[in-house]
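> Mind looking at a prediction? Sequence and model below.
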Amino acid sequence: MRAVIQRVSRAKVTVDDQVVGSIGRGLLVLLGVGADDEAADASYLAEKIPFLRIFEDEAGKLNRSLFEIEGEALVVSQFTLYGDCRRGRRPSFSSAAPPDKARRLYELFVAQLQEKGIKVATGTFQAHMLVELVNDGPVTLWLESK
């Protein structure tokens, strides 16, 4: 699995002019599921992301996690993270998981964050979404489960 995480002061997702998910301070997680991914990949990222020390402490150092600041997470499925642009001009998405598998692992990731006590909002799987965010820092990280 691949995740692009952005530290945000707020973020929201809109589908068909309706806000389907929004958060205040926390993390926007763009989550891609690969064809070879399994439940262990979702668990790895669900254990890693909320405990990354990427929020500032009183001294201004990146020492606090999403869990410690009681922040929120907005998780948006994004198969295009598996786009391969090395050949030609049109990305190939052959490394992305098929929709049924991707949905199952995406939902597992969300559920595991929620089990940790993280307030989670989501986009709508397989929908055309408009994602708005205010990147705080900016802080943006790329994680892979493999």
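Okay, I see it. Worth saying up front: this structure is predicted, and the values here are computed from it rather than measured.

> Count the residues that sit near Gly137.
13 (other C-beta atoms under 10 Å). C-beta coordinates here come from the backbone N, C-alpha and C atoms, glycine included.

> right, and it touches Val8 too?
No. Using C-beta atoms under 8 Å, Gly137 makes no contact with Val8, being 9.3 Å away.

> Partner strands of the one helix or strand Arg10 maps to and their direction?
In the assignment (DSSP states H and E), Arg10 maps to strand 2-15. Using DSSP bridges, strand 2-15 pairs in its sheet with strand 18-23 (antiparallel), strand 26-32 (antiparallel), strand 130-144 (antiparallel).

> what's the most buried one of those strands?
Among the strands paired with strand 2-15, strand 26-32 has the highest mean neighbour count (mean count of other C-beta atoms under 10 Å), at a mean of 25.

> how near is the residue most central in space within the chain to Val76?
In the chain, the centroid-proximal residue (C-alpha atoms, centre = their mean) is Val29; its distance is 1.8 Å. Using C-beta to C-beta, to the nearest Å, Val29 is found at 7 Å from Val76.

> again with Leu27
11 Å.

> follow-up on the earlier one: any idea how far Glu56 is from the nearest residue to the residue nearest to the centre of the chain once chain neighbours are set aside?
Leaving aside its chain neighbours, Val29 sits nearest to Val75 (4.7 Å; criterion: C-beta to C-beta, 6 or more residues apart in numbering). Look at Val75 and Glu56: by C-beta to C-beta, they are 23 Å apart.

> between these two, which one's more packed in?
Higher neighbour count among Val75 and Glu56: Val75, with 27 against 16, using other C-beta under 10 Å.

> Isn't that one up against Phe109?
Yes. Taking contacts as C-beta under 8 Å, Val75 lies within contact range of Phe109: 6.8 Å.
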